[in-house]
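> The amino acid sequence is not available; the structure is as follows:
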Ligand code: DX5
Ligand code: ZN
């Protein structure tokens, strides 16, 4: 299993310590949540923080933009060292164009779906995608409860990927822990994002490992 701890739940007063922990862990990437207070009812952090993370973190950055008009920031996201740029389906009128622009900038392209957005909207774009990020909570906050219907969406997405021959990976974000993680693995998820489960754990390295070895 690929594990992508979510920086949103880190202790920003001890950011160096938390990034060192990530560097020494089995996590294969670091998930970065950027919020604008418009698309989601919260604001997280922006590019100056990301610049610092890029310098300190040795793992690839998996950036999740919870902002309107994400196409305006493709260059900034790339310059901050992102390997993957995830945009929300709900924020992109011209999704196909945005995906091409992300790839032209040299990043992997991901599309994120809110809990109420059905998987079927991806049918005509799935072959262009490197990954699909399914939200298993309503985006905006860490520490929320996993929405069980996500398991059906993972299965449905796995079927769509098979039918179309797409290479997209399936990533799931929100309320992930060892129990929901095991259910997601069985349903067909490739990447688990985990915020509170990792950073609020007594032993974050062990928490990461428990997802890694699922
Ligand atoms: C929520 C974010 C998540 C969040 C997950 O909007 O996209 O990445 O950090 O946090 P947990 O794992 O605590 O639900
Ligand atoms: Zn996220």
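That came in fine, so what should we check first? In this text the structure is predicted, and so the values were computed from the model without any measurement. Ligands and ions are numbered 1, 2, ... in the order given.
> who's in contact with residue 189?
By Cβ atoms under 8 Å, 6 or more residues apart in numbering, the contact set of residue 189 is 1, 154, 170, 171, 172. Every residue, glycine included, has its C-beta placed from N, CA and C.
> what about the nearest residue to residue 95 once chain neighbours are set aside, neighbour count?
Nearest residue to residue 95, sequence neighbours excluded (Cβ to Cβ, 6 or more residues apart in numbering): residue 125, at 6.0 Å. Per other Cβ atoms under 10 Å, the neighbour tally for residue 125 reads 18.
> Number of residues surrounding the closest residue to ligand 1 within the chain?
Residue of the chain nearest ligand 1, by Cβ to the nearest ligand atom: residue 195 (2.8 Å). If you count neighbours by other Cβ under 10 Å, residue 195 ends up with 24.
> ok, now residue 202?
6.
> element containing it, please.
For residue 202, there is no helix or strand it lies in under DSSP states H and E.
> wait, does the helix or strand hosting residue 111 contact ligand 2?
Per DSSP H and E, residue 111 falls inside strand 108-113. No - Strand 108-113 does not reach ligand 2 (Cβ under 5 Å from the ion); its nearest approach is 7.8 Å.
> Summarise which helices and strands that strand is packed against.
Secondary-structure packing of strand 108-113 (3 or more Cβ pairs under 8 Å, 6 or more residues apart in numbering; DSSP states H and E): strand 82-88, helix 95-104, strand 131-135.
> Give the full set of residues in contact with the closest residue to residue 6 other than its chain neighbours.
Leaving out its chain neighbours, the residue that sits closest to residue 6 by Cβ to Cβ, 6+ apart is residue 195, at 3.5 Å. Residue 195 makes contact with 5, 6, 7, 8, 9, 31, 142, 143, according to Cβ under 8 Å, 6+ apart.
> any idea of the pLDDT on residue 195?
Reading off the confidence values, residue 195 has pLDDT 98.
> What's the separation between it and residue 45?
14 Å (Cβ to Cβ, to the nearest Å).
> Select, from the contacts of residue 189, the two members most distant in space.
Using Cβ to Cβ, the pair of the contacts of residue 189 lying farthest apart is 1 and 154, separated by 13.0 Å.
> okay, these two: which has more neighbours?
Between residue 1 and residue 154, counted using other Cβ under 10 Å, the more crowded position is residue 154 (24 against 16).
> tell me the mean pLDDT over the helix or strand hosting the more buried one?
Under the criterion of DSSP H and E, residue 154 resides in helix 150-164. In this model, helix 150-164 carries a mean pLDDT of 98.
> repeat for stretch 47-59
Across stretch 47-59, pLDDT averages out at 97.
> contacts for that stretch?
For stretch 47-59, contacts defined as Cβ under 8 Å, 6+ apart pick out 7, 15-16, 19-20, 22-23, 27-30, 32, 34, 61, 63, 76, 80-82.
> Which of those fall in helices?
Using DSSP state H, the members of the contacts of stretch 47-59 that fall in helices are 15, 16, 19, 20, 22, 23, 76.
> Those residues: which two are farthest apart?
20 and 76, at 25.6 Å, using Cβ to Cβ across the ones in helices among the contacts of stretch 47-59.
> and residue 188, what does it touch?
154, 155, 157, 158, 170.
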